[in-house]
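Q: model this:
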Amino acid sequence: MSPNEVLALLMFVGFIVSVFTGYPVAWLLGGLSVLFTALAIILEVDFHVPVGVGWNYTSLTIDRIWNVMENWVMVALPMFILMGLLLDRSGIAKRLMTSIARLLGPVRGGLAITVTVIGLLLAATTGIIGASVVLLALLGLPVMLEHGYDKSLAAGTVCAVGTLGILIPPSIMLVLMADRMAMSVGDLFLGAVFPGALLGGLYITYLIGYGMLRPEGAPSFKGEAIDWLAIWELFLAIVPAAFLILAVLGSIFFGLATPTEAAGVGAAGALLLALLNKALTWGVLREVIYETTRTTAFIFAVLLGATAYSLVLRGLGGDQLIERALLGLPFEPSGVIICILFATFLLGFFLDWIELTLIILPLVSPIVVNLGFDPVWFTILFAVCLQTSFLTPPVGFAIFYLKGVAPEGIGVTAIYRGVVPFILLQLLGLTIIFNWTELVTWLPAQAYSQ
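A: Down below sits the predicted model:
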């Protein structure tokens with residue numbers, strides 16, 4: 001290995017190790033870029049080892065940051081975040097919980113299925129994982145425990161379903177991926193619709209099977225009688241969420257708006273729904289704006305740090321090192337994809353989706369394209385794989401979100417046991433998408449054929 005490649009390898013390992021120090025990731029990424037630029041200069045000046053990376057090269061970060069900040073695609077990020085936070089406080093989810101639980105109560109596992117259906121609807125209107133997990137936990141977890149549900153099943157359902165928002169559009173992760181990969185946000189949104197529905201279907205199938213095989217852990221219950229009034233109330237509860245989904249995704253699919261414009265439409269729609277539900281007060285509005293600004297600033301800080309880190313890593317030949325390592329594997333092209341996904345799954349135990357999206361995806365994506373694979377298909381595969389990072393210890397954020405609001409008696413061990421079946425279901429879904437590319441590519445192709 002050349003001195004450049006040794007530095008690139010040390011830089012990559014240094015980031016993974018430094019994550020465990022607890023320092024903010026944005027500062028770690030920026031700091032490592034400065035540190036390894038200084039090491040490259042020392043090698044070149046004091047030891048006469050040609051490296052080719054110096055302050056003049058690293059200063060290109062400023063141009064890269066400017067390109068990021070003037071990208072109109074990134075305007076969609078705060079709009080989708082605002083939309084999700086407003087919906088979290090609009091009362092729509094609580095109304096859905098009451099109506100759907102009344103309909104599915106007599107079914108074994110019906111309450112868990114209710115939480116899954118609500119999670120799917122929330123995922124299609126917000127990409128905020130923390131908000132979804134906390135809301136589902138507050139609404140569904142006490143009810144399931146009260147009716148005798150197994151603690152691990154109840155906790156695992158809330159955790160897994162809450163993470164669907166990171167994949168199902170409008171997803172802030174897909175917006176960030178589109179920016180990094182210079183791809184169409186609309187393509188990724190449309191490509192993620194069926195994979196997201198597939199995961200939701202797998203969850204519901206598992207819950208139905210669990211209710212049949214272990215009825216004591218997922219019992220049915222008899223609530224109010226089901227009549228036309230109950231069905232009408234369910235319809236009225238679903239209409240607001242359906243309206244917002246149609247406004248955002250429908251406007252993109254039918255070519256009426258760009259994803260950035262659709263984000264504005266979604267934010268305005270969420271504002272209107274909160275107002276109609278009498279949930280929009282000055283206090284709520286101030287809190288939502290504060291949280292939107294805070295979350296957006298966090299994402300952009302990591303984005304800027306990753307821009308500097310990626311520039312230096314590429315300057316040291318890190319991308320070429322990874323390309324040679326992957327292409328040198330004794331596998332067919334499909335085997336290379338499997339190795340990338342497996343490595344991503346393992347890295348998800350320690351790194352957050354933002355770091356993996358900003359650092360790993362841009363490095364491996366050119367290799368995938370050179371191997372002849374569809375970039376949209378691979379990006380969605382990568383996104384599904386990243387979804388598991390919310391459930392895998394020790395950096396499983398959905399687990400910590402749930403633990404923070406879980407009723408007394410639900411420990412971390414019970415949550416870990418509960419998420420394991422859902423992680424396996426996600427891997428099953430990943431396998432299905434890997435072998436059936438049309439799940440991703442069909443809907444974008446239909447949009448272009450119109």
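
Q: mind listing what the most centrally placed residue in the chain touches?
A: The centroid of the chain falls nearest to Ile166 when counting by Cα atoms, centre = their mean (2.6 Å). Neighbouring residues of Ile166 by Cβ atoms under 8 Å, 6 or more residues apart in numbering: Gly127, Ile129, Ile172, Met173, Trp353, Ala383, Leu386, Gln387, Phe390. For every residue, glycine as well, the C-beta is placed using N, CA and C.

Q: quick one: the helices in the stretch 351-450 of the chain?
A: For the stretch 351-450 of the chain, helices defined by DSSP state H, counting those that start in this stretch occupy the ranges 353-355, 361-370, 375-387, 397-405, 412-435, 438-449.

Q: counting contacts, what elements does the last one pack onto?
A: Counting contacts by 3 or more Cβ pairs under 8 Å, 6 or more residues apart in numbering; DSSP states H and E, helix 438-449 packs against helix 185-213, helix 375-387, helix 412-435.

Q: returning to that earlier point: nearest residue to the residue nearest to the centre of the chain in space, please, no chain neighbours.
A: Spatial nearest neighbour of Ile166, excluding adjacent residues (Cβ to Cβ, 6 or more residues apart in numbering): Met173 at 5.0 Å.

Q: how close does the one you found sit to Asp179?
A: Distance from Met173 to Asp179, counting by Cβ to Cβ, to the nearest Å: 11 Å.

Q: just Gly31 next, same as before
A: For Gly31, the distance to Asp179 - Cβ to Cβ - is 23 Å.

Q: which one's more surrounded, the two?
A: Comparing Gly31 with Asp179 by other Cβ atoms under 10 Å, the one with more neighbours is Asp179, at 21 against 17.

Q: separation between that one and Trp27?
A: Taken as Cβ to Cβ, the span from Asp179 to Trp27 is 22 Å.

Q: check Leu199 too.
A: Counting by Cβ to Cβ, the gap from Leu199 to Trp27 is 34 Å.

Q: helices along the stretch 151-300 of the chain, start to end?
A: Using DSSP H, counting those that start in this stretch, helices in the stretch 151-300 of the chain cover 151-162, 172-181, 185-213, 228-245, 251-253, 259-276, 282-315.

Q: of those, which is nearest Leu424?
A: helix 185-213 (9.2 Å; Cβ to Cβ).

Q: so where's the protein shaky on pLDDT?
A: Low-confidence segments of the chain (pLDDT under 70): 126-128, 223-227, 394-395, 448-450.

Q: returning to what we had before: can you pick the most crowded of the contacts of Ile166?
A: Phe390 leads the contacts of Ile166 on contacts (other Cβ under 10 Å) with 29 neighbours.

Q: isn't that residue right up against Ile354?
A: No: using Cβ atoms under 8 Å as the test, Phe390 is too far from Ile354 to be in contact (11.8 Å).

Q: how about the strand or helix carrying Gly335: buried residues?
A: Using DSSP states H and E, Gly335 maps to helix 333-347. With burial defined by 16 or more other Cβ atoms under 10 Å, the residues of helix 333-347 counted as buried are Val336, Ile337, Ile340, Leu341, Thr344, Phe345, Leu347.

Q: turn these into a markdown table, columns for distance to Thr37.
A: Formatted as a markdown table, those follow (distance: Cβ to Cβ, whole Å):
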| residue | distance to Thr37 |
| --- | --- |
| Val336 | 31 |
| Ile337 | 33 |
| Ile340 | 28 |
| Leu341 | 32 |
| Thr344 | 27 |
| Phe345 | 31 |
| Leu347 | 24 |
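
Q: what two of those residues have the greatest distance between them?
A: Farthest-apart pair in the buried residues of helix 333-347 is Val336 and Leu347; separation 16.5 Å (Cβ to Cβ).

Q: just the buried positions in stretch 272-281, please.
A: Residues Leu272, Leu273, Ala274, Ala279, Leu280 are the ones in stretch 272-281 that count as buried (16+ other Cβ under 10 Å).

Q: contact partners for the second one?
A: Taking Cβ under 8 Å, 6+ apart as the contact definition, Leu273 lies against Leu86, Leu87, Ser90, Ile92, Pro240, Phe243, Leu244.

Q: show me the two of those residues that sit farthest apart.
A: Greatest spatial distance among the contacts of Leu273 (Cβ to Cβ): Leu86 and Phe243, at 13.8 Å.

Q: neighbour count: the two, which is higher?
A: Set Leu86 next to Phe243 and count neighbours by other Cβ under 10 Å: Leu86 wins out with 29 against 15.

Q: I'd say the more buried one and Gly269 touch.
A: No: proximity of Leu86 to Gly269 does not meet the contact threshold set by Cβ under 8 Å, at 9.1 Å.

Q: next, the angle from the one helix or strand Ala38 maps to to helix 282-315.
A: Per DSSP H and E: Ala38 is located in helix 25-46. Using axes from the mean of the first three to the mean of the last three Cα atoms, to 10 degrees, the direction of helix 25-46 lies 20 degrees away from that of helix 282-315.
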